[in-house]
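K.L.:
The sequence and its predicted three-dimensional model are supplied below.
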Amino acid sequence: MKPAIEIIPEAIFFQQTNLICEISTSSFSYVFENDVDKKFYGLSVFYFTKDADISEQLKNIFHEQPLLSKNYKKVFISFTGEECVLLPEELYVSGENTLLLNDLYGDIYDNSIATDLIADKKIYNVYRMPVNLHRAIVDQFPFAAINHHYSLLAKQNFTPEELIRLIFYKDTFIAVVIKNNELQLIHTYPYRSGTDIVYHLLHICHQFDLDNMPLYIGGRVEANSELLSEISNYFPNIRFDSLPAEYEFVKELKDLPSHNFSYLYSLAVCV
């Protein structure tokens with residue numbers, strides 16, 4: 001499988017480099033972050049073939065990408081799966097994780113269940129992924145730290161400004177809602193058009209009593225696309241994510257639209 005985007009540095013000092021990966025239902029991405037000089041040096045993005053087994057496609061990528069087999073300082077995996085639930089600390093009961101997820105999403109396939117604790121927010125994230133996918137990840141990266149993407153998003157510092165943050169994927173987007181300096185929502189929605197997105201956003205605004213909300217946009221969407229043009233008819237205050245100020249970037253990464261992979265670089269702040 002060939003990468004859709006590939007920026008590989010000429011030299012990598014593996015013992016001082018963190019490998020940060022993200023796995024979603026539509027793609028696999030990884031970046032190289034030098035932990036000493038706080039600088040990103042490379043990026044690769046692969047898009048999965050729809051309706052084909054993700055775990056097998058991922059194993060093919062692992063086999064074809066020798067840089068994924070090196071001894072890095074640390075390896076972080078962010079899993080962006082939709083089968084999860086965020087619970088306040090007082091409602092979390094560890095023995096009921098399987099029952100909770102089965103009630104919400106069914107039990108039609110073998111899965112691995114995991115839990116992330118966002119300690120400073122007193123939130124538990126209970127989630128699952130197919131067993132074959134989990135096994136492929138662990139076989140390749142036996143010492144990796146694995147977290148759900150929602151958990152890493154929840155760890156980020158909240159702004160006092162009310163806002164909706166959107167992270168776009170091929171046919172889904174994640175919405176993060178902040179109100180009164182508190183996290184109100186993290187959820188993944190499907191879409192086929194801008195109309196679908198507007199419908200979900202208007203429902204969110206009604207649900208949380210939001211008005212004239214700025215939208216912070218990141219992910220795989222073009223700034224001048226018809227999709228965003230349609231959204232702007234209802235949400236004119238659109239702002240694009242920028243590169244995290246805590247890090248430096250090689251020129252090749254700076255030349256890419258900053259909002260396209262800002263969410264991926266931001267994982268380094270949280271892991």
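P.N.:
All right, it came through fine.
K.L.:
The stretch 101-250 of the chain: helices as residue ranges?
P.N.:
For the stretch 101-250 of the chain, helices defined by DSSP state H, counting those that start in this stretch occupy the ranges 131-140, 149-155, 194-207, 226-232.
K.L.:
Can you verify my assumption that Y30 contacts I20?
P.N.:
Yes: Y30 lies in contact with I20 (C-beta atoms under 8 Å); the separation is 6.6 Å. In short, each C-beta sits where N, CA and C put it, glycine included.
K.L.:
Can you give me the domain assignment for the chain?
P.N.:
Structurally, the chain divides into domains by automatic domain parsing as follows: 1-155+242-271, 157-240.
K.L.:
and the ones you listed as TSV, adding mean pLDDT and mean neighbour count?
P.N.:
What follows is the domains of the chain, written out as TSV (pLDDT from 0 to 100; neighbours: other C-beta atoms under 10 Å):
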stretch	mean pLDDT	mean neighbour count
domain 1-155+242-271	94	17
domain 157-240	92	16
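K.L.:
what about C270, distance to D53?
P.N.:
29 Å (C-beta to C-beta, to the nearest Å).
K.L.:
and V75, which of the three is it?
P.N.:
Following DSSP: H, G, I helix; E, B strand; the rest coil, the label given to V75 is strand.
K.L.:
is it in a bridge, and if so with what?
P.N.:
With DSSP bridges as the criterion, V75 is bridged to L19.
K.L.:
Check the spacing between it and V31 real quick.
P.N.:
Distance, V75 to V31, by C-beta to C-beta: 12 Å.
K.L.:
what's the overlap in contacts for those two?
P.N.:
Contact criterion C-beta atoms under 8 Å, 6 or more residues apart in numbering; residues shared by V75 and V31: L19.
K.L.:
Need the nearest residue in space to S26, chain neighbours excluded.
P.N.:
K170 (4.3 Å; C-beta to C-beta, 6 or more residues apart in numbering).
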